[in-house]
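[1] A predicted structure for the sequence below; I have some questions about it.
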Amino acid sequence: MSEDLRKIIVDGEEIEVPNSYTLLQAAEEAGREIPRFCYHERLSVAGNCRMCLVELVGAPKPAASCAMQVKDMRGGPNGEPPAMNTLSPMVKKAREGVMEFLLINHPLDCPICDQGGECDLQDQALAYGRTGSRFPENKRAVEDKEMGPIIGTEMTRCIQCTRCVRFVTEVAGSPEIGMIGRGEDAEITTYLESAVESELSGNVIDLCPVGALTSKPYAFNARPWELSKTETIDVMDALGSNIRVDNRGPAVLRIMPRVHEGVNEEWISDKTRYAWEGLGKQRLDKPYLRENGKLRPVSWSDALSAAAEKLSGDASRIGIIGGDLNSVEELKAAKDLAEALGIASIDIRQDGAKISAGPGVARQSYLFNSTIAGIEDADAILLVGVNPRVEAAVLNARIRKTWLHNDTKVGVIGEAIDLTYDYEHVGTSAADLAGLKRKRSGFIKTLKDAERPMIIVGTGALSRADGAQILNAAGDLAAAIGAVKDDWNGFSVLHTAASRVGGLDLGFVPGEGGHDVAGMQSGAMDTLVLLGADELDMSSFGDAFVIYVGSHGDNGAHRADLILPGAAWTEQDGLFVNTEGRVQLAYRSVFPKGEAKENWAIFRALSERLGKTLPYDNLEQLRHKLFEDHPVFAGIDHAPGAEGAAQFDVKSIGQAGDIADEPFVAAVSNFYFTNPIARASETLAACAALRAEPEQVAAE
């Protein structure tokens with residue numbers, strides 16, 4: 001038997017478990033169900049609900065199984081393995097007593113409680129509680145707290161499990177929730193009852209085992225058994241967090257996280273959680289054509305004819321710009337049509353990032369090669385021109401996790417901001433990055449001494465005019481500190497757009513003689529197709545005829561001369577590749593609005609009008625062609641990580657050259673307003689306004 005394992009007896013059954021296991025984990029290893037309220041696998045142990053009591057053989061009273069480890073158990077007098085019971089009469093009576101105490105002051109709100117049907121207290125009271133209460137005293141009442149536009153409160157229901165307190169303190173790194181008072185006067189509240197401003201605050205709603213903290217926008221919209229549930233992928237950032245979309249009929253009513261240890265664990269950002277509100281607002285549900293300066297509705301036949309006429313012109317003066325939320329399939333259809341028409345001016349980098357793609361370009365030059373889970377293996381991290389707190393909030397929580405538990409050192413070259421963890425501010429500009437390699441002390445020594453150093457480069461740094469040179473300088477530094485080796489690739493690019501890596505893998509970049517986004521904005525185009533591209537200066541297109549293919553009436557639709565209504569990401573099946581190169585499947589939960597069509601189908605219909613019919617009639621055929629042309633997309637849910645690190649010449653990426661001595665600016669200035677769907681959400685607008693108020697007061 002290994003020194004790290006120990007034999008114990010659970011309800012008469014002998015099992016072998018690690019010494020570090022808690023009794024609760026050991027019991028679950030033996031297949032026993034242990035009720036709990038305060039315990040959570042990803043939070044510190046509080047041990048204050050006492051619902052997880054078990055009987056230790058030989059002990060005079062039951063013990064809290066979440067707060068005691070296997071190594072602390074005592075064996076029998078004759079060397080027998082330690083034993084515990086989880087189903088004995090003592091345990092049954094103890095659990096009934098704890099449940100009775102918990103319900104002394106709990107209100108009888110079940111028929112009108114928004115947590116009904118998903119309430120841990122309700123379920124466990126049925127399974128482990130008594131049939132009645134012996135406490136006739138009046139129940140206490142607690143005033144509700146104002147926690148902002150996201151979290152609704154009914155604090156009389158609170159059982160003081162402190163999950164919310166531990167989450168905001170340990171995971172989110174924004175300790176804005178705490179407990180005040182003692183005994184019967186104990187309350188959970190925020191500081192001066194102010195709003196919770198963490199980008200991850202909505203996760204406390206999922207953590208709350210009762211109906212004390214609920215989703216304010218979702219409250220009383222539906223009961224859980226009315227909803228259809230679709231497991232899919234988030235597109236609000238480039239992480240590809242695993243989510244579940246709940247809908248009733250044609251309306252999406254809720255987005256919740258799914259567990260994926262390699263990507264988002266079980267957390268999602270507030271933007272992901274409340275983007276669903278934007279799915280039903282500002283929608284484009286029919287084609288429009290601009291005549292005499294005004295858009296008027298037209299039929300699909302007329303719209304396709306108008307688009308075909310404009311796309312039949314000089315191919316050198318036609319361009320296609322991809323957006324941030326496109327699936328791989330629609331980009332593939334757009335690229336195939338462009339190739340059939342001889343259009344070389346295509347680009348997925350609407351922010352102007354100086355990242356190359358295509359034949360001869362190593363995929364590792366634009367991937368988050370360490371992988372998201374690999375952050376926990378790094379012992380030194382350098383952030384270059386990136387603010388992960390707003391560009392990828394869940395990834396930032398992973399950095400905080402390794403800083404907190406592994407004592408990982410973090411350095412920053414860029415803006416000095418609150419990242420929720422301590423770091424060494426190495427510099428602010430690209431010149432500080434270029435000069436870091438020449439230093440002998442300070443954070444460069446930390447990086448060189450680390451076994452697994454890591455550099456995270458943000459798209460804010462790569463979107464500058466000297467972005468290619470910055471990429472080269474970052475690669476040069478990665479080589480100097482040994483960040484790329486056979487079993488570790490610590491050179492990582494953090495993207496902000498869900499469609500970026502998929503587009504780069506496709507080669508959705510200008511061909512020979514083609515223009516990039518900046519070139520297309522210089523007046524060289526007669527016709528431009530914006531595939532959900534809204535984060536652009538629309539005034540820069542001059543007199544070009546703009547065809548907008550997208551789902552929302554945002555910036556692109558306002559500038560468009562022709563609108564072809566497309567589907568949002570929840571309204572079509574699609575592949576998305578996250579920042580670490582992991583291919584994931586998103587599934588349709590509802591159908592497109594009105595006359596809107598799936599985006600790939602719009603390009604298929606256009607190709608027929610243009611006499612260049614694409615060789616697929618359905619999504620299955622399109623994917624077959626996609627996998628045939630680009631086998632990398634067939635590796636579903638696989639993150640390459642350090643694969644090919646030995647052959648990756650990190651020093652050769654980008655372009656050598658001079659770097660401007662200008663401060664880095666993060667790619668995201670407003671966390672809540674990064675795409676058309678988020679901008680259409682009333683809740684996210686309220687969050688953005690709340691975040692802006694203190695800044696305005698400070699400015700005044």
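    Looks like it came in fine.
[2] For Asn203, which non-adjacent residue is closest in space?
    Leaving out its chain neighbours, the residue that sits closest to Asn203 by C-beta to C-beta, 6 or more residues apart in numbering is Trp267, at 5.2 Å. Every C-beta, even on glycine, is put in place using the N, C-alpha and C of the backbone.
[3] Now for the one you found: which residues touch it?
    Val171, Leu200, Asn203, Ser241, Pro257, Val394, Ala397 (C-beta atoms under 8 Å, 6 or more residues apart in numbering).
[4] cool, and Asn292?
    Contacts of Asn292 (C-beta under 8 Å, 6+ apart): none.
[5] Verify the stated contact: Cys119 with Val210.
    Yes: counting by C-beta atoms under 8 Å, Cys119 touches Val210, with 6.2 Å between them.
[6] low pLDDT regions in the chain?
    Residues of the chain meeting the criterion pLDDT under 70: 1-3, 693-700.
[7] Using the centroid of it, identify the residue furthest from it.
    In the chain, the residue that sits farthest from the middle, by C-alpha atoms, centre = their mean, is Asn78; the gap is 53.7 Å.
[8] need the contact list for Tyr39.
    Leu24, Val45, Ala46, Gly47, Cys49, Cys52, Cys66.
[9] Just the buried ones from these, in PyMOL syntax?
    Listed next is the PyMOL selection for buried residues among these, using 16 or more other C-beta atoms under 10 Å:
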select buried, resi 24+45+46+49+52+66
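[10] In helices only, show me the contacts of Tyr39.
    If you go by DSSP state H, the contacts of Tyr39 have Leu24 in helices.
[11] and the contacts of Tyr39 as a markdown table, adding distance to Ser299?
    Below are the contacts of Tyr39 laid out as a markdown table (distance: C-beta to C-beta, whole Å):
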| residue | distance to Ser299 |
| --- | --- |
| Leu24 | 63 |
| Val45 | 64 |
| Ala46 | 62 |
| Gly47 | 66 |
| Cys49 | 62 |
| Cys52 | 64 |
| Cys66 | 63 |
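[12] what's the closest of the contacts of Tyr39 to Asp4?
    Minimum distance to Asp4 across the contacts of Tyr39 is 18.6 Å, recorded for Leu24 (C-beta to C-beta).
[13] Looks like the closest one contacts Cys66 (just checking).
    Yes: using C-beta under 8 Å, Leu24 makes contact with Cys66 at a distance of 4.8 Å.
[14] list the residues that contact both of these two?
    Arg36, Tyr39, Cys52.
[15] Could you point out which of these is nearest to Asp486?
    Among these, and counting by C-beta to C-beta, the member closest to Asp486 is Tyr39, at 40.2 Å.
[16] any idea how far that closest one is from Cys52?
    Going from Tyr39 to Cys52 by C-beta to C-beta, to the nearest Å gives 6 Å.
[17] Overlap of the contact sets of those two?
    Residues touching both Tyr39 and Cys52 (C-beta under 8 Å, 6+ apart) are Leu24, Cys66.
[18] Find the residue closest to Gly574 in space, skipping its chain neighbours.
    Ser327 (2.7 Å).
[19] That neighbour reaches Glu598, doesn't it?
    No: contact criterion C-beta under 8 Å: Ser327 and Glu598 do not qualify, at 9.3 Å.
[20] neighbour count winner among those two?
    Ser327 (26 against 22; other C-beta atoms under 10 Å).
[21] Phi and psi next, for the more buried one.
    phi -80, psi 160 (degrees, to the nearest 10).
[22] now swap in Ile112 and tell me
    phi -120, psi 0.
[23] got a list of what the residue nearest in space to the middle of the chain touches?
    A centroid search over the chain (C-alpha atoms, centre = their mean) returns Ser241, at 4.1 Å, as the residue closest to the centre. Applying C-beta under 8 Å, 6+ apart to Ser241 gives the contacts Ile233, Asp234, Pro257, His260, Val263, Asn264, Trp267, Ile268, Ser269, Thr272, Val394.
[24] what residues are up against Pro545?
    Let me fix one detail, which is that residue 545 is Phe and not Pro. Phe545 neighbours (C-beta under 8 Å, 6+ apart): Lys310, Asp526, Thr527, Leu528, Asp561, Leu562.
[25] now, which of these sits nearest Trp488?
    Among those, Leu528 lies closest to Trp488 (C-beta to C-beta), at 42.8 Å.
[26] Would you mind confirming that the closest one makes contact with Val546?
    Yes: using C-beta under 8 Å, Leu528 is in contact with Val546, at 5.1 Å.
[27] okay, the two: which has more neighbours?
    Leu528 (27 against 23).
[28] which secondary structure elements does the helix or strand containing that one contact?
    Applying DSSP states H and E as the criterion places Leu528 in strand 527-531. With contacts taken as 3 or more C-beta pairs under 8 Å, 6 or more residues apart in numbering; DSSP states H and E, strand 527-531 sits against helix 300-311, strand 318-322, helix 328-341, strand 545-550.
[29] Deepest in the core, which of those is it.
    The highest mean neighbour count among the helices and strands packed on strand 527-531, using mean count of other C-beta atoms under 10 Å, belongs to strand 318-322: a mean of 28.
[30] now it, how far from the chain's geometric center?
    Mean C-alpha position of strand 318-322 versus that of the full chain (C-alpha atoms, centre = their mean, to the nearest Å) differs by 28 Å.
[31] who does that strand pair up with?
    Here strand 318-322 has these sheet partners by DSSP bridges: strand 345-347 (parallel), strand 527-531 (parallel).
[32] Run a quick neighbour tally on the nearest residue to His40 once chain neighbours are set aside.
    Excluding its sequence neighbours, the residue lying closest to His40 (C-beta to C-beta, 6+ apart) is Arg163, at 5.8 Å. Using other C-beta under 10 Å, Arg163 is surrounded by 23 other residues.
[33] Ok, Lys92 next?
    13.
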